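**Q** What follows is a protein structure lacking sequence information:
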């Protein structure tokens, strides 16, 4: 009995850090066999969210559920690009799919857009149940995409006016993301009213 309680406690500690989500691999690491996982799903203790992805039953939903879910699914992913802009309230982007940066390529799944890159620790913020690129890194990433210039400019304006990104930091880093991204950011910065620079 104490072994079962210890297993349950360890799983709950893990799930609580991940908004109630956990993967089948994580459950195995805690000590739940695949047979035990099926048992808990069948009993209604766990909800199967996707293949090899679960959530504790009756976990309250929140606005960030999708970000926590895809982070657990990926194992090492960081919320990025348009999704990170949403987290930081920068600009106005279509949020149909969650954008996630992963360190190496992995199979595609519906509902997520994967970007492959190695992120420095300084480009990532911890939000508890998920990690997200910083506002500066988010703008630099967005500049490398085909998002309309007007949307990029809006995100840059929001970042500068809120004080979360400095103009000099963007200027210092934008050349590292390619000539096209640097040009797009220069245009965005030029469009920002002088009082918000």
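**A** Received, thanks. Note that this is a predicted model, so its numbers are computed, not measured.
**Q** Low-confidence regions, the protein specifically.
**A** Along the chain, segments meeting pLDDT under 70 span 1-2, 194-197.
**Q** Tell me which residues touch the most centrally placed residue in the chain, please.
**A** The residue lying closest to the centre of the chain (CA atoms, centre = their mean) is residue 79, at 1.7 Å. Contacts for residue 79 (CB atoms under 8 Å, 6 or more residues apart in numbering) come out as 67, 70-71, 87, 98-100, 130-133. C-beta: built from backbone N, CA, C; applies to glycine.
**Q** Mark which of the residues you listed are buried, thanks.
**A** With neighbours counted using 16 or more other CB atoms under 10 Å, the contacts of residue 79 contain these buried positions: 67, 70-71, 87, 98-100, 130-133.
**Q** if you look at these, which of them are in strands?
**A** Here DSSP state E is the test, and the buried ones among the contacts of residue 79 give 98-100, 131-133 as lying in strands.
**Q** sorry, back to before: could you report the separation of the residue nearest to the centre of the chain from residue 130?
**A** Residue 79 sits 6 Å away from residue 130, going by CB to CB, to the nearest Å.
**Q** Which neighbours do these two have in common?
**A** Common neighbours of residue 79 and residue 130 (CB under 8 Å, 6+ apart) are 67, 70-71.
**Q** ok, residue 128 touching residue 67?
**A** No: between residue 128 and residue 67 there is no contact under CB atoms under 8 Å: 10.3 Å.
**Q** Have a look at the protein and report its longest helix.
**A** Scanning the chain for the longest helix, with DSSP state H as the assignment, gives helix 2-17.
**Q** Contacts for the helix or strand following that one, please.
**A** Per DSSP states H and E, the first helix or strand lying C-terminal to helix 2-17 is strand 21-23. Residues outside strand 21-23 that contact it (CB under 8 Å, 6+ apart) are 11, 14-15, 49, 52-56, 68-69, 72-73, 75, 129.
**Q** give the contact list for residue 11.
**A** Taking CB under 8 Å, 6+ apart, one finds 22, 27, 30, 32 in contact with residue 11.
**Q** what do you get if the cut-off is 10 Å, keeping everything else the same?
**A** 22, 26-27, 29-32, 40, 45-46, 54, 56 (CB atoms under 10 Å, 6 or more residues apart in numbering).
**Q** Cool, thanks, talk later.
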